[in-house]
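Peer 1: Following is a predicted model, sequence given first.
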Amino acid sequence: MPLTIKEIESAKPREKKYKLADSGGLCLVVQPWGGKFWLWRYRFEGTEKNMTFGDYPHVGPKDARDLHFAAKKLLAAGTNPMSERKAEAEAKQQQVKAIQREADSSFEKVARKWWAWWKIGKSPRHAETLMNRLEADVFPVIGHLPIDAVLTTHVRDIMLTIETRGASDVAKRAHQSIGQVFRFAIARELASRNPAADFRPRDVLAATESENFAHVDEKDLPELLVKMDGYNGDALTRFGLRLLAYCFPRTSELIEAPWTEFDLDRARWDIPKERMKMKTAHIVPLSRQAVEVLRALKLLTGNGKLVFPGALDKEKPMSNNTLLYALYRLGYQGRMTGHGFRGLASTILNENDFDDEHVDLQLAHMKRNKVSAAYNHAKYLKQRTVMMQWWADYLDTQLAKGRQKIAA
């Protein structure tokens with residue numbers, strides 16, 4: 001029988017790696033450090049060969065089976081699937097080399113090539129908005145320069161000029177886009193360094209309200225998640241930290257939540273406007289991981305009104321400082337707050353090309369005005385659902401990296 005998600009998730013690491021059979025020769029290999037990947041062993045012309053289909057959870061069971069089925073079709077037709085894969089890789093390398101030969105060295109030319117490559121799979125509106133910003137704010141300043149002639153000061157001055165319009169978010173997006181262009185160029189040997197990597201937006205832009213909430217850098221996230229996973233205090237606190245990470249709500253929105261707001265079968269959390277900072281109803285699409293945490297919590301507090309009741313008075317929520325002090329006990333005083341997960345999510349989701357409007361909507365950061373009645377709290381819900389599952393999978397991957405580092 002094919003493996004179920006529950007069987008995959010519950011497979012624990014052992015001293016030596018082991019395999020779980022899926023179907024048709026496909027199996028899931030569980031590493032001693034906790035990583036999992038899909039493997040198929042087959043014979044071609046009398047020789048045994050191995051073919052992998054990616055790491056779980058990046059590649060789920062359905063995708064792995066689809067890739068396995070396609071590989072088996074090639075084998076049945078007399079073709080070595082691994083040879084086909086190598087041929088595809090070589091073709092891609094040739095394509096990259098062709099891009100390198102054809103590229104003009106000016107920043108604008110390279111940026112337009114990056115944009116044409118980057119926009120595939122993005123919404124046309126999002127792609128058009130990004131190009132419009134490049135044409136309005138970036139190309140007039142550095143578009144004509146050879147890409148290796150662009151300096152850190154150029155990037156900084158572009159951002160400061162945008163900030164004078166009161167558009168600090170746009171200034172941050174400019175920094176992000178310029179950095180992406182340079183990473184694209186460096187990977188294709190069109191540039192030697194990335195001047196945008198020399199500083200973060202907060203180093204040059206005036207602080208905003210959200211900057212008051214400390215959070216760790218992305219590189220430190222694996223260690224934080226490992227420590228949170230091993231937190232040996234109260235179970236409610238441990239579950240609370242996990243939901244802060246997976247859902248990135250405001251701390252008060254989480255700890256004051258009644259069970260009536262959650263529909264676990266539909267994987268949805270509806271927060272009424274009375275409990276929201278912006279006084280507008282808000283929807284949190286729940287990832288598979290968040291639903292699992294909430295089902296575990298249901299066993300602990302499901303008979304009461306509140307998801308996170310207080311230790312002494314079950315009719316009142318836990319203290320607003322409970323989760324913060326837990327982070328302190330893990331060694332993150334002054335380095336991480338509950339609100340910090342919102343900043344981390346905003347930064348990482350934007351850096352991974354999720355639409356900034358989708359991110360802002362999920363953070364409930366959308367600006368309100370006199371026509372706020374037109375605000376639709378369910379807007380882009382399908383896209384936000386995909387984004388929230390990606391975020392939860394990303395956190396699980398970072399947790400696995402942290403465990404791997406400790407095991408090493």
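Peer 2: Yep, that arrived.

Peer 1: Flag the shaky bits of the stretch 1-150 of the chain, pLDDT-wise.
Peer 2: Within the stretch 1-150 of the chain, the ranges that satisfy pLDDT under 70 run 96-104.

Peer 1: For it, just list every one of the helices.
Peer 2: 5-10, 61-76, 81-102, 107-118, 124-133, 139-142 (DSSP state H, counting those that start in this stretch).

Peer 1: if we look at the second one, which residues are touching it?
Peer 2: So that's helix 61-76. 2-3, 5, 8, 22-26, 38, 40, 42, 44, 51, 53-54, 56, 59, 80-81, 84 (C-beta atoms under 8 Å, 6 or more residues apart in numbering). C-beta here means a position set from N, CA and C on the backbone, and glycine is covered the same way.

Peer 1: buried subset of the residues you listed?
Peer 2: Buried members of the contacts of helix 61-76, counted by 16 or more other C-beta atoms under 10 Å: 3, 8, 22, 26, 38, 40, 42, 51, 53, 56, 59, 80-81.

Peer 1: Show me which of those is closest to Pro124.
Peer 2: Val59 (27.9 Å; C-beta to C-beta).

Peer 1: Roughly how far does the closest one sit from Trp391?
Peer 2: Counting by C-beta to C-beta, to the nearest Å, the gap from Val59 to Trp391 is 17 Å.

Peer 1: tell me what the helix ranked longest in the chain is packed against?
Peer 2: Under DSSP state H, the helix in the chain containing the largest number of residues is helix 381-407. Identification of packing neighbours for helix 381-407 by 3 or more C-beta pairs under 8 Å, 6 or more residues apart in numbering; DSSP states H and E yields helix 221-229, helix 235-247, strand 282-285, helix 288-301, helix 340-351, helix 356-362.

Peer 1: closest to Gly34 out of those?
Peer 2: helix 221-229 (10.4 Å).

Peer 1: Which secondary structure elements does the closest one sit against?
Peer 2: helix 235-247, helix 381-407.

Peer 1: that older thread, looking at the buried ones among the contacts of helix 61-76, which two lie furthest apart in space?
Peer 2: Ile8 and Asn80 (28.4 Å).

Peer 1: May I see the helices of the stretch 1-150 of the chain arranged in a markdown table, with distance to Ser177 as well?
Peer 2: Formatted as a markdown table, those follow (distance: least, C-beta to C-beta, whole Å):
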| stretch | distance to Ser177 |
| --- | --- |
| helix 5-10 | 37 |
| helix 61-76 | 30 |
| helix 81-102 | 19 |
| helix 107-118 | 8 |
| helix 124-133 | 6 |
| helix 139-142 | 11 |
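
Peer 1: and among those, the most buried is which?
Peer 2: helix 107-118 (a mean of 19; mean count of other C-beta atoms under 10 Å).

Peer 1: got the angle for it vs helix 124-133?
Peer 2: 170 degrees (axes from the mean of the first three to the mean of the last three C-alpha atoms, to 10 degrees).

Peer 1: Residues in contact with helix 107-118: which ones?
Peer 2: 99, 103-104, 127, 130-131, 134, 138-139, 142-147, 150, 180-181, 184-185, 190-191, 353.

Peer 1: How about stretch 15-32?
Peer 2: So stretch 15-32 is contacted by 1-3, 7-8, 11-14, 36-42, 53, 56, 61, 64-65, 68-69, 72, 407 (C-beta under 8 Å, 6+ apart).

Peer 1: ok, and the closest non-adjacent residue to Leu395?
Peer 2: Ala245 (5.7 Å; C-beta to C-beta, 6 or more residues apart in numbering).

Peer 1: Leu225 is in contact with that neighbour, correct?
Peer 2: Yes. Ala245 is within contact range of Leu225, at 7.1 Å (criterion: C-beta atoms under 8 Å).

Peer 1: Now for those two: what residues contact both?
Peer 2: Leu395.

Peer 1: The two: which is more packed in?
Peer 2: Ala245 (25 against 22; other C-beta atoms under 10 Å).

Peer 1: how close does that one sit to Ala87?
Peer 2: Ala245 is 41 Å from Ala87, by C-beta to C-beta.

Peer 1: Closest one to Thr164 out of the buried ones among the contacts of helix 61-76, please.
Peer 2: Val59 (46.0 Å).

Peer 1: Tell me who's in contact with the closest one.
Peer 2: With C-beta under 8 Å, 6+ apart, Val59 has these contacts: 38, 53, 67.

Peer 1: about what we covered before: can I get the buried part of the contacts of helix 107-118 as one PyMOL selection?
Peer 2: This is the PyMOL syntax for the buried subset of the contacts of helix 107-118, where burial follows 16+ other C-beta under 10 Å:
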select buried, resi 103+127+130+131+134+138+139+142+143+147+150+180+181+184+185+190+191
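
Peer 1: so what are the domain limits for this structure?
Peer 2: 5-97, 107-206, 212-407 (automatic domain parsing).

Peer 1: of the buried ones among the contacts of helix 61-76, closest to Arg403?
Peer 2: Distances from Arg403 to the buried ones among the contacts of helix 61-76, taken by C-beta to C-beta, are shortest for Tyr56, at 14.3 Å.
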